[in-house]
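*Asks:* My questions concern the predicted model and sequence given below.
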Amino acid sequence: MAIKSLSIRIDEEMLNKLHYVADYEGRSANSQILVLIRDCIKEFEKENGPIFENNKSNN
């Protein structure tokens, strides 16, 4: 699976809090975001069924 980049805009306070949580968990901010995204997808699929690659609505 290829690794893609994603840029986001985030306010300074939220970014500082993200870094705090990531440090607390022993992760980089990037790794923390990946954990949160995986958890979100897992919960979505639990409630709505699996998402398949060919179900893409946006790249």
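*Replies:* Sure thing, it's come through.
*Asks:* tell me which strands and helices the host helix or strand of His19 is in contact with?
*Replies:* Assigned by DSSP states H and E, His19 belongs to helix 12-25. If you count contacts as 3 or more C-beta pairs under 8 Å, 6 or more residues apart in numbering; DSSP states H and E, helix 12-25 packs onto helix 29-48. Where you see a C-beta, it was placed from the backbone N, CA and C, and this is true even at glycine.
*Asks:* Average pLDDT for the helix holding His19, rounded please.
*Replies:* Averaging the model's pLDDT scores along helix 12-25 yields 99.
*Asks:* pull the CA atoms of it into PDB?
*Replies:* What follows is helix 12-25, C-alpha atoms only, in PDB (Å, rounded to 0.1, in the frame of the first residue of the first chain):
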ATOM      1  CA  GLU A  12      -2.500  26.700  17.300                       C
ATOM      2  CA  GLU A  13      -4.300  25.700  20.500                       C
ATOM      3  CA  MET A  14      -5.600  22.400  19.000                       C
ATOM      4  CA  LEU A  15      -2.100  21.600  17.600                       C
ATOM      5  CA  ASN A  16      -0.500  22.200  21.000                       C
ATOM      6  CA  LYS A  17      -3.000  19.900  22.600                       C
ATOM      7  CA  LEU A  18      -2.400  17.300  20.000                       C
ATOM      8  CA  HIS A  19       1.300  17.400  20.700                       C
ATOM      9  CA  TYR A  20       0.600  17.100  24.400                       C
ATOM     10  CA  VAL A  21      -1.600  14.000  24.000                       C
ATOM     11  CA  ALA A  22       0.900  12.500  21.500                       C
ATOM     12  CA  ASP A  23       3.800  13.100  23.900                       C
ATOM     13  CA  TYR A  24       1.800  11.600  26.800                       C
ATOM     14  CA  GLU A  25       1.000   8.500  24.700                       C
END
